[in-house]
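dropping a prediction and its sequence here:
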Amino acid sequence: MNESTKFWAVIPAAGIGSRMASDIPKQYLNIAGKTILEHTLAIFLNSPKIHKVVVAIRPDDPFWQNTAITSTASEKLVTVTGGGERADSVLNCLSYIQSLGNNNKDWVLVHDAARPCLQVSELHRMIDALQTDDVGGLMALPASDTIKYAKLPQTVSSDQNAETTNFACIETTLDRKRVWLAQTPQMFRLEVLHNNIAKALALGLPITDEASAMEMAGFNVKLYPGRSDNLKITVAEDLRVATAILSQS
């Protein structure tokens, strides 16, 4: 690996986390004395392999400036304006990095703002495993349960007075040996990732993560085996699990 090649962390943190049903965005909920976002940022700020951390914040975000990390973080932490969707925020971060005249072969590791339990040691192992790859890849978890592919839910009612409930029905059972649950970080080259996210957005293609933009462009994206404790906080139950994990670290 060329010594001039840098590793950048990109954290899209402009979402509102509607599934958490909270008055504040989930990344600002508190766990063990810090916000979820601060725990997440600390993973990359504490890594000697990461050159800088670029975080995308909503322009009308009233919470960011009140977090302790804004007054204690070094020049390693940079903020940019977030976009309407995750892909927009990531693209803004990538455009900022490019605007500094950096090597387009630099690696970018995109990580969920609400995924605070990633181990720094696991981050380093992923970097070491993928840094010589032509494309890059993402951390992912091999499926352990039997996977059912569902039909669209139908309205079912036993009689006129019964409550109406939506049930999904099974269409088929998938081979779980071929099913992986996508996690983050997702690690790709700066220029290639920027260009393919921009292209997908321009075409109106659905981009659920960075790997999907790379897949649509025909790249063979690698799957790096992750860990189940690298969970993404989405609902209230996840908060309790993440609290238990972080209390042991």
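Nice, thanks for sending it over.

how many neighbours does residue 65 have?
Counted by other Cβ atoms under 10 Å, the residues lying close to residue 65 total 10. From N, CA and C alone the C-beta is placed, and that goes for glycine too.

for residue 168, grab the count of nearby residues.
When counting by other Cβ under 10 Å, one arrives at 11 neighbours for residue 168.

what ranges do the helices span in this structure?
Listed in chain order, the helices of the chain (DSSP state H) span residues 36-45, 69-72, 86-99, 120-130, 190-202, 210-216, 236-248.

mean pLDDT and mean neighbour count for those - can I get that in CSV?
Formatted as CSV, these follow (pLDDT from 0 to 100; neighbours: other Cβ atoms under 10 Å):
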stretch, mean pLDDT, mean neighbour count
helix 36-45, 96, 23
helix 69-72, 78, 12
helix 86-99, 97, 20
helix 120-130, 98, 16
helix 190-202, 97, 18
helix 210-216, 97, 23
helix 236-248, 92, 14
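
can you check which of the ones you listed gets nearest to residue 15?
Proximity to residue 15 (Cβ to Cβ) singles out helix 86-99 among these, at 6.8 Å.

for this protein, give me the ranges with low pLDDT.
In the prediction, the chain carries residues with pLDDT under 70 at positions 1-3, 17-21, 73, 153-166, 249.

what about the strands in it?
7-12, 30-31, 34-35, 52-57, 77-81, 107-110, 136-142, 147-150, 154-156, 165-167, 170-174, 180-189, 222-225 (DSSP state E).

before we move on, the earlier item: would you list the helices of the chain in JSON lines and tack on distance to residue 225?
Formatted as JSON lines, the entries for the helices of the chain read as follows, by distance: least, Cβ to Cβ, whole Å:
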{"stretch": "helix 36-45", "distance to residue 225": "18"}
{"stretch": "helix 69-72", "distance to residue 225": "30"}
{"stretch": "helix 86-99", "distance to residue 225": "23"}
{"stretch": "helix 120-130", "distance to residue 225": "9"}
{"stretch": "helix 190-202", "distance to residue 225": "22"}
{"stretch": "helix 210-216", "distance to residue 225": "15"}
{"stretch": "helix 236-248", "distance to residue 225": "18"}
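
so which of the ones you listed is nearest residue 222?
Evaluated with Cβ to Cβ, the helices of the chain place helix 120-130 nearest to residue 222, the distance being 6.4 Å.

helices or strands up against that closest one?
The contact analysis (3 or more Cβ pairs under 8 Å, 6 or more residues apart in numbering; DSSP states H and E) places helix 120-130 against helix 36-45, strand 107-110, strand 136-142, strand 180-189, strand 222-225.

how big is the angle separating the third one from strand 180-189?
Read it as strand 136-142. If you take axes from the mean of the first three to the mean of the last three Cα atoms, to 10 degrees, strand 136-142 sits at 160 degrees to strand 180-189.

okay, angle between strand 136-142 and helix 190-202 too, please.
The directions of strand 136-142 and helix 190-202 differ by 70 degrees, with the same axes, to 10 degrees as the criterion.

one more: the fourth one?
When the same axes, to 10 degrees is applied, the directions of strand 180-189 and helix 190-202 differ by 120 degrees.

would you give the sheet partners of strand 180-189, along with the direction of each?
Note on strand 180-189: by DSSP bridges, its sheet partners are strand 107-110 (antiparallel), strand 136-142 (antiparallel).

tell me which of the ones you listed sits most buried.
Among the strands paired with strand 180-189, judged by mean count of other Cβ atoms under 10 Å, the one packed with the most neighbours on average is strand 107-110 (a mean of 26).
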